[in-house]
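Student: What follows is a predicted structure for the sequence shown.
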Amino acid sequence: MNDRLSYSDRKSLPDLVFGLPERREYPMPDAAHVRAAEAYFRYCPEELKPELARAIMARAAEFGVDVESPTVLEYARQ
């Protein structure tokens, strides 16, 4: 899985593909990056976890990714 973006690639992404668009963190331009966002979810600040979880769920649905993390699923319900 390649979940690395170059600086220029990341800079060119629209805000809407980020899990936290106002901070431009957790880019999810494809299925591999949705999985990476799920894996790195634990590093998200507590107060931003519900927003990120909902973004992960939305992007996962777009790319047909099954979200398996019970933590992400729980926060997405908040």
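Tutor: Thanks, I have the structure now.

Student: quick one: the spatially closest residue to Leu52 that is not a sequence neighbour and Ser12, what's the gap?
Tutor: Closest residue to Leu52 apart from its sequence neighbours, by C-beta to C-beta, 6 or more residues apart in numbering: Gly19 at 4.5 Å. For glycine as for every other residue, the C-beta is placed from the backbone atoms N, C-alpha and C. According to C-beta to C-beta, to the nearest Å, Gly19 and Ser12 sit 17 Å apart.

Student: who's more crowded, those two?
Tutor: Using other C-beta atoms under 10 Å as the criterion, Gly19 and Ser12 rank with Gly19 on top: 26 against 10.

Student: then the helix or strand hosting Glu62 to PDB, C-alphas only?
Tutor: Applying DSSP states H and E as the criterion places Glu62 in helix 49-63. Taking C-alpha atoms only, helix 49-63 is exported to PDB below (Å, rounded to 0.1, in the frame of the first residue of the first chain):
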ATOM      1  CA  LYS A  49     -12.300  12.600  16.100                       C
ATOM      2  CA  PRO A  50     -16.000  12.700  15.300                       C
ATOM      3  CA  GLU A  51     -15.400  15.000  12.300                       C
ATOM      4  CA  LEU A  52     -12.600  12.800  11.000                       C
ATOM      5  CA  ALA A  53     -14.500   9.600  11.600                       C
ATOM      6  CA  ARG A  54     -17.500  10.900   9.500                       C
ATOM      7  CA  ALA A  55     -15.100  12.000   6.800                       C
ATOM      8  CA  ILE A  56     -13.500   8.500   6.700                       C
ATOM      9  CA  MET A  57     -16.900   6.900   6.500                       C
ATOM     10  CA  ALA A  58     -17.900   9.100   3.600                       C
ATOM     11  CA  ARG A  59     -14.700   8.600   1.600                       C
ATOM     12  CA  ALA A  60     -14.800   4.900   2.400                       C
ATOM     13  CA  ALA A  61     -18.300   4.700   0.900                       C
ATOM     14  CA  GLU A  62     -17.000   6.500  -2.300                       C
ATOM     15  CA  PHE A  63     -14.200   4.000  -2.800                       C
END
